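Engineer: Here is my input; please provide its structure:
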Amino acid sequence: MAEQKIKQDISIGANIRELRRARGLKQTDLVGLLQLEGVPMTREALVKIERGAQHIQASQLRAIRDALQTTYDELLKPS
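Structural biologist: Residues are numbered from 1 along each chain as shown. So this is what the prediction gives:
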């Protein structure tokens, strides 16, 4: 089954960046946490997601939610 992608019609990337920074994590820190959970992600991909230049996969969103210890509501809130 193909991985579903979520179109960023809200500021998911900006929300990820804000939550990541609030937790004192660098992009490489978050990428490392995701890779430890078996979610393939590069820093370059995270940069694009945070800028809204790349769609985020549902599995990536779930892993980011877990790594940042947050909720989907926080990740998907309108800016």
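
Engineer: what ranges do the helices span in this protein?
Structural biologist: Using DSSP state H, the helices of the chain run over 12-22, 27-36, 43-51, 58-67, 72-76.

Engineer: R17 reaches I49, doesn't it?
Structural biologist: No: the criterion here is CB atoms under 8 Å, and R17 misses it with I49 at 9.0 Å. For glycine as for every other residue, the C-beta is placed from the backbone atoms N, C-alpha and C.

Engineer: More neighbours: those two, which one.
Structural biologist: I49 (22 against 18; other CB atoms under 10 Å).

Engineer: wait, what's in contact with that one?
Structural biologist: I49 makes contacts with 12-13, 16, 56, 60, as judged by CB atoms under 8 Å, 6 or more residues apart in numbering.

Engineer: at 6 Å what do you get?
Structural biologist: Shown in contact with I49 (CB atoms under 6 Å, 6 or more residues apart in numbering): 13, 56.

Engineer: And for the one 5 residues further on?
Structural biologist: If a contact means CB under 6 Å, 6+ apart, then Q54 has K48 as its contacts.

Engineer: so how far is E44 from it?
Structural biologist: As judged by CB to CB, to the nearest Å, Q54 and E44 stand 9 Å apart.

Engineer: now Q27
Structural biologist: Q27 sits 9 Å away from E44, taking CB to CB as the criterion.

Engineer: Show me which of the two is the more surrounded one.
Structural biologist: The residue with more neighbours, out of Q27 and E44, is Q27; 18 against 11, by other CB under 10 Å.

Engineer: for the most centrally placed residue in the chain, what are its contacts?
Structural biologist: In the chain, the C-alpha nearest the mean C-alpha coordinate belongs to I64, at 4.6 Å (CA atoms, centre = their mean). Residues in contact with I64, defined by CB under 6 Å, 6+ apart, are I16.
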